[in-house]
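Asker: what's the 3D shape of this:
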Amino acid sequence: MRNIMFVLIIGLLGIAACDQAPAPSGQAKLRTKENTTVFEDDAVTDANRSVQAFGEVMEAFEKGDKEAVSRHLQEGINALANEGKSMEGEVKVRLERAIKRLERLRMEYQQGKVATADDLMNAISEAENDVPHKLLVGYTEEEVGPQKN
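Answerer: So this is what the prediction gives:
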């Protein structure tokens, strides 16, 4: 009998304890779906102008806008040259070679000779490997050095 009473008392105490949720604060009462921001993921973007310009090159290429491809390609080349100013040694030589390749591709594209997006992507990737990138993650900025082969 004692065991049954003990189990009943523990059960009643457990039920009573579960029913006691804290009252919401005044601020919590004002929250609605419309006025509450929920951050689910940190967005990662590249702050380098060259990356942005080359992204625009590929978008314009897919749309078939030759003028925009040429313009954005030149913007990307200029940005790459600017981003690589502080480089020295072999990395600088590789970057200069990649920039020349991009300039050649730009001239060929204007003449109608570049056939695929892969040609552009390969040249862009080669050039971007050698410049440091500032990645914006959420609200912080992080410097990522050149890739080593």
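
Asker: Low-confidence regions, this structure specifically.
Answerer: Along the chain, segments meeting pLDDT under 70 span 11-47, 115, 130, 132-149.

Asker: Show me the helices in it, by range?
Answerer: Ranges of helices within the chain are 2-18, 26-30, 49-63, 66-83, 89-110, 117-128, based on DSSP state H.

Asker: can you pull the buried residues of the fourth one?
Answerer: Translated: helix 66-83. Neighbour-count burial for helix 66-83 flags Val69, Ser70, Arg71, His72, Leu73, Glu75, Gly76, Ile77, Ala79, Leu80, Glu83 (criterion: 16 or more other C-beta atoms under 10 Å). Placement of C-beta: from N, CA and C, glycine included.

Asker: Out of those residues, which is nearest to Ala98?
Answerer: Of all the buried residues of helix 66-83, Leu80 has the smallest distance to Ala98: 7.7 Å, by C-beta to C-beta.

Asker: Please name the residues that touch that closest one.
Answerer: Ser50, Leu95, Ala98, Ile99, Leu102, Ala127, Glu128, Val131 (C-beta atoms under 8 Å, 6 or more residues apart in numbering).

Asker: Turn those into JSON lines, including distance to Asn3 and neighbour count.
Answerer: Converted to JSON lines, the contacts of Leu80 look like this (distance: C-beta to C-beta, whole Å; neighbours: other C-beta atoms under 10 Å):
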{"residue": "Ser50", "distance to Asn3": "77", "neighbour count": "24"}
{"residue": "Leu95", "distance to Asn3": "81", "neighbour count": "22"}
{"residue": "Ala98", "distance to Asn3": "82", "neighbour count": "22"}
{"residue": "Ile99", "distance to Asn3": "85", "neighbour count": "20"}
{"residue": "Leu102", "distance to Asn3": "84", "neighbour count": "23"}
{"residue": "Ala127", "distance to Asn3": "79", "neighbour count": "26"}
{"residue": "Glu128", "distance to Asn3": "74", "neighbour count": "21"}
{"residue": "Val131", "distance to Asn3": "76", "neighbour count": "23"}
